[in-house]
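Engineer: just the structure for this:
(2 chains)
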Amino acid sequence: MNYGTPGNGTLIILKSITEANKARQQLANYRIKSVVEKVQAQRSGCVYGIRVFGNTDKICRLLKTVNIDCMEVT
Amino acid sequence: MIYFDNAATTYPKPPAVRAAVKAALHEYGGNPGRSGHKTAMKSAEAVFNARAKIADFFSAQVENVIFTLNCTHALNMAIKGIAAVSPSTHTHYIISDLEHNAVARPVHAMSQLTNISNSIAKTYDDDAKTLAAFEAAITPKTRAIICTAASNVTGAILPFREIAALCKARGICFILDASQGAGLLSMKIGDGVNFICCSGHKGLYGPMGTGLLISDGTYALSTIIEGGTGGNSLGLEQPAELPDRFESGTGNTPGIIALGAGVDFVCKTGAERILAHELKLCEYFRAGLAKIPQVKVYSANMQGRLPLVPFNAELAELEGGMDSTMVSSKLSEAGFALRGGLHCAYLAHKKLKTLESGVVRFAPSAFNSQKEVEQLLRAIRRIVS
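Structural biologist: I've put the predicted structure just below:
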């Protein structure tokens, strides 16, 4: 199960649910655990991201190498 | 019923594909990308996994794999989308003389509009001559070449890689209709192949109601369908993010998940192995037809062809005349499924000069056997005698 409810860690908001799942897959290649989530707060529509539990800067740099931009970190 | 109409759609589907549809209806009932509850997220992950498998299969980026209803849908998106990006610039399309109506009709429809024209390049058994014909058709206004990987009537494989390289050298968009050939021939996005449009339900062994539009990211397309994509509901503009931009509305989630299982089947079995099996059945069939004097075969041999055999048979009630619809009807009564007629391919039949009689198309799959071909040959002998 790679999706869940809000919890600890940091939520990195991404462009789409496809991108969120792609990010999860990429991070898993580096043994970095992440969970795909829908952002709970009211936004412009269904907004998705990944919840991570490590160094967010390092994770965002890693995602950038596969053309995934961290839109927002909450 | 013994099924030999696999160029229309493959049947039966692999057990894993049937199981995937059943499992999807049971376990993946949430609408992917439409909510945050676990049911929807589980569906979204399953769709992503299928998308990722298909991306690997065609060497594409996962976000550049767009799920469509079928190949016709994908081709319309690519053909119309490329012209709509700059509608004030003249768009000239080139297609081959073997194209399925899924290519020929949208190109024809677009050519009725101002600022759009098309040319039809003649194809030959000699690939060099075919390539030269495409090159000769290019004008300064040529925006896109759309070409089938192989004819759905004759099975003739076109030199699509060389045509793609020609397009790349000339800065022309190349759209490949991969419906016939995906799952049998090696097809990758890139090296001049800018778009692959494909059925999910033929050589990839997915269910009907699935198709693919795969891009290499070089050319932008305008959308021809806009609607809800889940994200960015606040605005009226279609989002720019892929694949969402081109996947408005709820997709065929069970079909997509099962298509992933179909691609798994092709990978595990091996496309080359499937192709070799089917070609062997075609050679056996052709050898049997050669012994029936009332039968006419419309291809000289299997060289450079997909596993298809177009043929027709003289019928006594027509005083030796040929009617492919009647032949296929009689074969259906005898327990064999083959398609007779024009196969949605006006241009190919015009080239073959079979617009009046049509042809009967023998198209085996990974699941047909030599024994079944023997039974079909016996049935054909009974029909003509």
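Engineer: what is the mean pLDDT for stretch B:377-385?
Structural biologist: Mean pLDDT, taken over the full extent of stretch B:377-385, equals 95.
Engineer: list the contacts for B:Ala316?
Structural biologist: Taking C-beta atoms under 8 Å, 6 or more residues apart in numbering or on different chains as the contact definition, B:Ala316 lies against B:Val384. In this view, the C-beta of every residue, glycine as well, is placed from N, C-alpha and C.
Engineer: tell me the pLDDT at the residue most central in space within chain A?
Structural biologist: The residue lying closest to the centre of chain A (C-alpha atoms, centre = their mean) is A:Ile50, at 2.1 Å. A:Ile50 is assigned 96 on the pLDDT scale.
Engineer: quick one, phi psi at it?
Structural biologist: With angles defined as degrees, to the nearest 10, A:Ile50 sits at phi -120, psi 140.
Engineer: could you do A:Gly45 as well?
Structural biologist: In terms of degrees, to the nearest 10, the main-chain angles of A:Gly45 are phi 160, psi -160.
Engineer: burial check on the closest residue to it other than its chain neighbours, number of neighbours?
Structural biologist: If the residues on either side of it in the chain are set aside, A:Gly45 comes closest to B:Ser233, at 3.3 Å by C-beta to C-beta, 6 or more residues apart in numbering or on different chains. Other residues within reach of B:Ser233 by the criterion other C-beta atoms under 10 Å in any protein chain shown amount to 14.
Engineer: which residues sit in contact with B:Ser233?
Structural biologist: Contacts of B:Ser233 by C-beta under 8 Å, 6+ apart are A:44-46.
Engineer: ok, the closest residue to the residue nearest to the centre of chain A other than its chain neighbours to B:Ser96 distance?
Structural biologist: What sits nearest to A:Ile50 in space, not counting adjacent residues and going by C-beta to C-beta, 6+ apart, is A:Ser34, at 4.2 Å. Per C-beta to C-beta, to the nearest Å, A:Ser34 is found 47 Å from B:Ser96.
Engineer: neighbour count: those two, which is higher?
Structural biologist: Between A:Ser34 and B:Ser96, counted using other C-beta under 10 Å, B:Ser96 has the larger neighbour count: 28 against 24.
Engineer: chain B versus A:Leu14, what's the distance?
Structural biologist: As judged by C-beta to the nearest C-beta, to the nearest Å, A:Leu14 and chain B stand 9 Å apart.
Engineer: just the pLDDT at that residue, thanks.
Structural biologist: In this prediction, A:Leu14 has a pLDDT value of 94.
Engineer: in its sheet, what does the helix or strand of chain B with the lowest mean pLDDT sit against?
Structural biologist: In chain B, no helix or strand scores lower on mean pLDDT, DSSP states H and E than strand B:321-322, which sits at a mean of 90. Listed by DSSP bridges, the sheet partners of strand B:321-322 and their directions read strand B:309-315 (antiparallel).
Engineer: can you show me the strands along chain B?
Structural biologist: For chain B, the strands defined by DSSP state E occupy B:2-3, B:65-68, B:91-96, B:116-121, B:142-148, B:173-177, B:195-199, B:211-215, B:295-297, B:309-315, B:321-322, B:336-337, B:339-341, B:359-362.
Engineer: can you name the residues that contact B:Asp244?
Structural biologist: A:16, A:18, B:33, B:229-231.
Engineer: let's go with 10 Å and repeat that
Structural biologist: Applying C-beta atoms under 10 Å, 6 or more residues apart in numbering or on different chains, we find B:Asp244 in contact with A:15-19, A:46, B:33, B:63, B:66, B:228-232, B:238.
Engineer: top of the residues you listed by neighbour count?
Structural biologist: Counting neighbours by other C-beta under 10 Å, the top entry in these is A:Ile17, with 30 neighbours.
Engineer: was I right about that residue contacting B:Ala46?
Structural biologist: No - at 12.0 Å, A:Ile17 and B:Ala46 do not qualify as touching, with contact defined as C-beta atoms under 10 Å.
Engineer: give the residues shared as contacts by these two.
Structural biologist: Overlap of the contact sets of A:Ile17 and B:Ala46 (by C-beta under 10 Å, 6+ apart) consists of B:Pro32.
Engineer: and B:Ile95, what does it touch?
Structural biologist: In this structure, B:Ile95 makes contact with B:79, B:103-104, B:106-108, B:118-121, B:134, B:137, B:144-148, B:175, B:177, B:347, judged by C-beta under 10 Å, 6+ apart.
Engineer: same check, this time on B:Leu289
Structural biologist: For B:Leu289, the contacting residues are B:295-297, B:309, B:311, B:313, B:362, B:376-377, B:380-381, by C-beta under 10 Å, 6+ apart.
Engineer: how about B:Thr130?
Structural biologist: Residues near B:Thr130 by C-beta under 10 Å, 6+ apart: B:96-98, B:121-124, B:147, B:156, B:158-160, B:162-163.
Engineer: make it 8 Å
Structural biologist: B:96, B:121-124, B:158-159, B:163.
Engineer: could I get those in a markdown table, plus columns for pLDDT and distance to chain A?
Structural biologist: Putting the contacts of B:Thr130 into a markdown table (pLDDT from 0 to 100; distance: C-beta to the nearest C-beta, whole Å) gives the following:
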| residue | pLDDT | distance to chain A |
| --- | --- | --- |
| B:Ser96 | 98 | 34 |
| B:Ala121 | 98 | 36 |
| B:Lys122 | 98 | 41 |
| B:Thr123 | 98 | 38 |
| B:Tyr124 | 97 | 42 |
| B:Leu158 | 98 | 32 |
| B:Pro159 | 98 | 33 |
| B:Ile163 | 98 | 29 |
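Engineer: contact partners of the helix or strand of chain A with the lowest mean pLDDT?
Structural biologist: The helix or strand with the lowest mean pLDDT-type score in chain A, counting by mean pLDDT, DSSP H and E, is strand A:72-73 (a mean of 88). Outside strand A:72-73, the residues that touch it by C-beta under 8 Å, 6+ apart are A:10-13, A:49, A:56, A:60.
Engineer: what residues sit buried inside stretch B:236-245?
Structural biologist: Of the residues in stretch B:236-245, B:238-239, B:241-245 count as buried by neighbour count, 16 or more other C-beta atoms under 10 Å in any protein chain shown.
Engineer: if you could redo that for stretch B:89-97, that was the one I meant.
Structural biologist: B:90-97.
Engineer: and if you look at stretch B:307-327?
Structural biologist: Residues of stretch B:307-327 classed as buried: B:307-315, B:322-324, B:326-327 (neighbour count, 16+ other C-beta under 10 Å).
Engineer: could you give the bridge partners of B:Pro174?
Structural biologist: Actually, residue B:174 is Phe rather than Pro. Applying DSSP bridges to B:Phe174 yields these beta-bridge partners: B:Ile145.
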